[in-house]
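> Just need the structure, nothing else, for what follows:
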Amino acid sequence: MTRFPYDQFAKDYLKELLQPLGEVETSRKVPAEIREVDVYFVPSLQSGNDTIKLGLLGKFAAEPALIEPFRNAATITEIRSCMNKLFDIFAEVKRQNKGDKNRITESDLPRLWIFSPTASKSILDGFRTQLDEDNWGIGVHFLGDYLRTAIVAIHQLPCKEETLWLRILGKGRVQQQAIDELEALSQNNPLRSKAIDLLLNLKTTLEFNQNIDEEDRDLIMRLSPIYEQKLAAVKQEGIQEGIQEGIQEGIQEGIQAERRNVIENLLRVRFGSLDTELRVIIEPLLVLSPEEFTPLLLELSRDELLNRFL
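Have a look, this model is predicted:
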């Protein structure tokens, strides 16, 4: 899968799941140089039972965490780069607490979780990782205690609900199986709804991307029936509301909400996030048809878009 759409999906997905448990910051700047941590998480005191709903991911969220998800297997260089960012954060925490009488303990420091769809034996051996099956099960490989780093080999995780929210970030058959399990959850499950919405955003983004591979196409095909069901549900909901307020108005609201979702997602993919200026141009873009606004969002620069619609 092309990297940037997946990166944005992974950040949005983890933010949505972890937000009820504490403070989540995506694309956190590391002060040592211009680098970013994909997801920086600090648990709240009230997270409690919510961590249980997320299974193994919730267990990771029981302490401060840096999370670096990869679409393709993390390389030696990428793992080292993640660890460098972790050590920069350690230094930042130390600076912020300088002069504090309460000494910083190991538990005050975040732990780095590297989510890799696969991890070879040579990679795991090269970093001298060890399993702790009694406490963490299979697939979570820890480096030395003082390194506060673990490589999560998603393809090794057992297929059970406890690992579902991590396997959604896998690839190939692992991700397909996780989507099957996600779809089978109760429709009243709020996590199910959030995850499916973000996966459908990813599907839309990939469809507008010209550089997709076979895996991208397989994922689009797998998500297409879910998209059709979602669209039918939106239209039906609009029709039901329209019985009282006017059927055509209800349908239009459903279509408009879906169109807004597409525009916001394309802006995030192009520019990383939706700031105040970009949010302002969403309304004038909604006046256009998908055939009109899609090439504009894919081809025009930020400045060109702002000049045209502000």
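
> Where do the strands of the stretch 51-200 of the chain begin and end?
For the stretch 51-200 of the chain, the strands defined by DSSP state E, counting those that start in this stretch cover 65-69, 111-116, 130-131, 140-142, 149-153.

> Parallel or antiparallel, list what pairs with the shortest one.
Spelled out, that is strand 130-131. With DSSP bridges as the test, strand 130-131 is paired with strand 140-142 (antiparallel).

> likewise the first one?
Strands that pair with strand 65-69, judged by DSSP bridges, come out as strand 35-43 (antiparallel), strand 111-116 (parallel).

> Need the ones you listed in CSV (columns: distance to Gln19, mean neighbour count and mean pLDDT).
For glycine as for every other residue, the C-beta is placed from the backbone atoms N, C-alpha and C. Converted to CSV, the strands paired with strand 65-69 look like this (distance: least, Cβ to Cβ, whole Å; neighbours: other Cβ atoms under 10 Å; pLDDT from 0 to 100):
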stretch, distance to Gln19, mean neighbour count, mean pLDDT
strand 35-43, 9, 19, 85
strand 111-116, 17, 23, 97
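
> any low-confidence regions in the stretch 201-310 of the chain?
For the stretch 201-310 of the chain, applying pLDDT under 70 flags the ranges 210, 234-254.

> Helices of that one, residue ranges please.
Secondary structure of the stretch 201-310 of the chain (DSSP state H, counting those that start in this stretch): helices at 214-245, 247-271, 276-280, 282-286, 290-299, 302-309.

> now the stretch 1-150 of the chain
Under the criterion DSSP H, counting those that start in this stretch, helices of the stretch 1-150 of the chain are mapped to 3-18, 50-53, 55-60, 76-96, 121-126, 133-136.

> which one of the ones you listed lies closest to Asp275?
For the helices of the stretch 1-150 of the chain, the distance to Asp275 is smallest for helix 3-18, at 14.7 Å, taking Cβ to Cβ.

> Which elements pack onto the closest one?
Counting contacts by 3 or more Cβ pairs under 8 Å, 6 or more residues apart in numbering; DSSP states H and E, helix 3-18 is packed against strand 22-30, strand 35-43, strand 65-69, helix 190-207, helix 247-271.

> who touches that helix?
Around helix 3-18, the neighbours that count as contacts under Cβ atoms under 8 Å, 6 or more residues apart in numbering are 24, 26-27, 38-39, 41, 54, 57, 61, 67, 69, 71, 115, 165, 168-169, 191, 194-195, 198-199, 201-202, 205-206, 209, 268-269, 272.

> Just confirm Thr204 contacts Asn265, I think it does.
Yes - contact between Thr204 and Asn265 holds when scored by Cβ atoms under 8 Å: they sit 5.9 Å apart.

> ok, these two, which is more surrounded?
Asn265 (24 against 21; other Cβ atoms under 10 Å).

> For the more buried one, list the residues it contacts.
Asn265 makes contact with 201, 204-205 under the criterion Cβ under 8 Å, 6+ apart.

> Leu298 too?
208, 266, 270.

> For those residues, which single residue is the most surrounded?
Using other Cβ under 10 Å as the neighbour test, the contacts of Leu298 are led by Leu266, with 20 neighbours.

> Would you check how far apart that one and Gln8 are?
Leu266 is 10 Å from Gln8, where distance means Cβ to Cβ, to the nearest Å.

> which residues are in contact with both of those two?
Common contacts of Leu266 and Gln8 (Cβ under 8 Å, 6+ apart): Thr205.

> returning to what we had before: let me have the strands of the stretch 51-200 of the chain in a markdown table, adding distance to Tyr227 as columns.
As requested, those are exported to a markdown table (distance: least, Cβ to Cβ, whole Å):
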| stretch | distance to Tyr227 |
| --- | --- |
| strand 65-69 | 23 |
| strand 111-116 | 25 |
| strand 130-131 | 38 |
| strand 140-142 | 33 |
| strand 149-153 | 29 |
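
> Select, out of these, the one closest to Val287.
Of all the strands of the stretch 51-200 of the chain, strand 65-69 comes closest under Cβ to Cβ, at 36.0 Å.

> got the angle between the closest one and helix 76-96?
If you take axes from the mean of the first three to the mean of the last three Cα atoms, to 10 degrees, strand 65-69 sits at 160 degrees to helix 76-96.

> about what we covered before: switch the helices and strands packed on helix 3-18 over to CSV; also include distance to Ser107.
Output for the helices and strands packed on helix 3-18, formatted as CSV (distance: least, Cβ to Cβ, whole Å):
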stretch, distance to Ser107
strand 22-30, 15
strand 35-43, 12
strand 65-69, 12
helix 190-207, 27
helix 247-271, 34
